[in-house]
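Student: Could you look at this predicted model? Sequence included:
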Amino acid sequence: MFHEKQSLPQEERFAVTRELSAEAKLIREEVFMHEQGYKDEFDAIDAHAFHLVLFVAGEPAGCCRFFAGDAPSEWVLGRVAVRKHLRRRGLAGRIVREALARMKELGARSVHLGAQQYATGLYEQCGFAPCGPVYLDEGNPHVPMSRKL
C-alpha cells in the first residue's frame, strides 16, 4: 500500500503499520506517560489506526497515528511525538507532513486533530487552523484544529 521513503536527509525513513509497533509504543510511553504524565495513553483507536514511525539513523525518533473519522473523507491525526533527545530538528513537522501525504493517498480531504495548546504553532505551520474552544485532556489544555487537503 505505502512505499517506504529512503531518500530523506540524515538517513531518515518512515514506516507505517496497521498495528501499534513496539517502536511507536516506546516513543508514546516516553513522551506522553513518562514526560507529560498521561495515564490513558493507549486506547481502542490503536487497533484500527495507521501508526507511522520516523527512524533517524536506524533509531526510532518520532511517531503519530492517523485514522478515518466519522464523516466520509475526514481523517484524524493524533499522538504526534518526538523523543526528547531528538527534538528541535524539525522532525515533528516532517512526521505531520508525511502523515498528511499518507492520508491523502487514502482519500482524505480534511484532517482534524486535538493539539496540545503549546504545540499549536507546529500545526499552524502545517496548514491547520483552530476550529473550536480549548478543552482539557487529562488536565492539559488542547485546541481542536483542522485543515483541508
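Tutor: All right, it came through fine.

Student: doesn't Arg97 make contact with Asp52?
Tutor: Residue 52: Leu, not Asp. No - with contact defined as CB atoms under 8 Å, Leu52 and Arg97 do not form a contacting pair (10.9 Å). C-beta here means a position set from N, CA and C on the backbone, and glycine is covered the same way.

Student: Low-confidence stretches in this protein?
Tutor: 1-10 (pLDDT under 70).

Student: can you tell me how far Leu52 sits from Leu122?
Tutor: Noted for Leu52: a distance of 16 Å to Leu122, by CB to CB, to the nearest Å.

Student: Comparing these two, which shows the higher neighbour count?
Tutor: Remark: of Leu52 and Leu122, Leu52 carries more neighbours, 25 against 17, as counted by other CB atoms under 10 Å.

Student: what residues are up against that one?
Tutor: Going by CB atoms under 8 Å, 6 or more residues apart in numbering, Leu52 touches Phe14, Ala15, Val16, Ala24, Cys63, Cys64, Arg65, Phe66, Ile95, Glu98, Ala99, Arg102.

Student: Whichever of those residues end up buried, select them in PyMOL.
Tutor: If you want just the buried ones from those in PyMOL, going by 16 or more other CB atoms under 10 Å, the selection is:
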select buried, resi 14+15+16+24+63+64+65+66+95+98+99+102
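
Student: Tell me which entries of the contacts of Leu52 lie within helices.
Tutor: Ala24, Ile95, Glu98, Ala99, Arg102 (DSSP state H).

Student: Could you tell me which residues within stretch 127-136 count as buried?
Tutor: So stretch 127-136, judged by 16+ other CB under 10 Å, has buried residues Phe128.
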